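Student: Give me the fold of what follows.
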Amino acid sequence: MCSHCRKDAEFGRVLTLVPVVSSVLPSQRVDQDKLTHLRVSKRTQLCQLLDEFADCFVDKLGLCDVITHRIQTTSSPSVSRAGCVQGRG
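Tutor: Modelled structure (predicted):
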């Protein structure tokens, strides 16, 4: 098991996040020319949000394999039509 994970009796493998410290805030890394379609108040809100949750953003792109999602499918179609009432036409 990696150093960021620990075993929990009820939940199994639990990820423990390691904070990444950066001297540059996420809002400072955004090209302001790409935000010109937003009103000034919305730009400010976006930048505040990015900075508030800075630990959720990284500069390094990559694949996250912490969890695997599975979609169980069947061979029979399951189609429903919302608002369709039989016998009315």
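Student: Tell me the secondary structure at residue 34.
Tutor: Per DSSP: H, G, I helix; E, B strand; the rest coil, the secondary structure class of residue 34 is helix.
Student: ugh, typo on my part, it should be residue 13
Tutor: Per three-state DSSP, residue 13 ends up strand.
Student: Specify the beta-bridge partners of it.
Tutor: For residue 13, the beta-bridge partners are residue 7 (DSSP bridges).
Student: Tell me how many other residues surround it.
Tutor: 12 (other CB atoms under 10 Å). C-betas here are computed from N, CA, C, even on glycine.
Student: Would you check how far apart it and residue 69 are?
Tutor: Computed as CB to CB, to the nearest Å, the residue 13 to residue 69 distance reads 15 Å.
Student: how about the nearest residue to residue 29, chain neighbours excluded?
Tutor: Excluding its sequence neighbours, the residue lying closest to residue 29 (CB to CB, 6 or more residues apart in numbering) is residue 59, at 7.4 Å.
Student: Residue 51 versus the one you found, what's the distance?
Tutor: 15 Å.
Student: Likewise for residue 62?
Tutor: 22 Å.
Student: which of those two has more neighbours?
Tutor: Between residue 62 and residue 51, counted using other CB under 10 Å, residue 51 has the larger neighbour count: 13 against 6.
Student: Is that one in a helix, a strand, or coil?
Tutor: helix.
Student: and it, what pLDDT?
Tutor: Here the pLDDT value assigned to residue 51 is 91.
Student: Next, the contact list for residue 35, please.
Tutor: Contacts for residue 35 were tallied using CB atoms under 8 Å, 6 or more residues apart in numbering; they are 43, 46.
Student: Please, where are all the helices along the protein?
Tutor: Secondary structure of the chain by DSSP state H: the helices cover 26-29, 40-52.
Student: Pipe these into CSV and attach distance to residue 74 per row.
Tutor: Converted to CSV, the helices of the chain look like this (distance: least, CB to CB, whole Å):
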stretch, distance to residue 74
helix 26-29, 43
helix 40-52, 40
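Student: Let me know which of the ones you listed is tucked in deepest.
Tutor: Counting by mean count of other CB atoms under 10 Å, helix 26-29 has the highest mean neighbour count of these, with a mean of 15.
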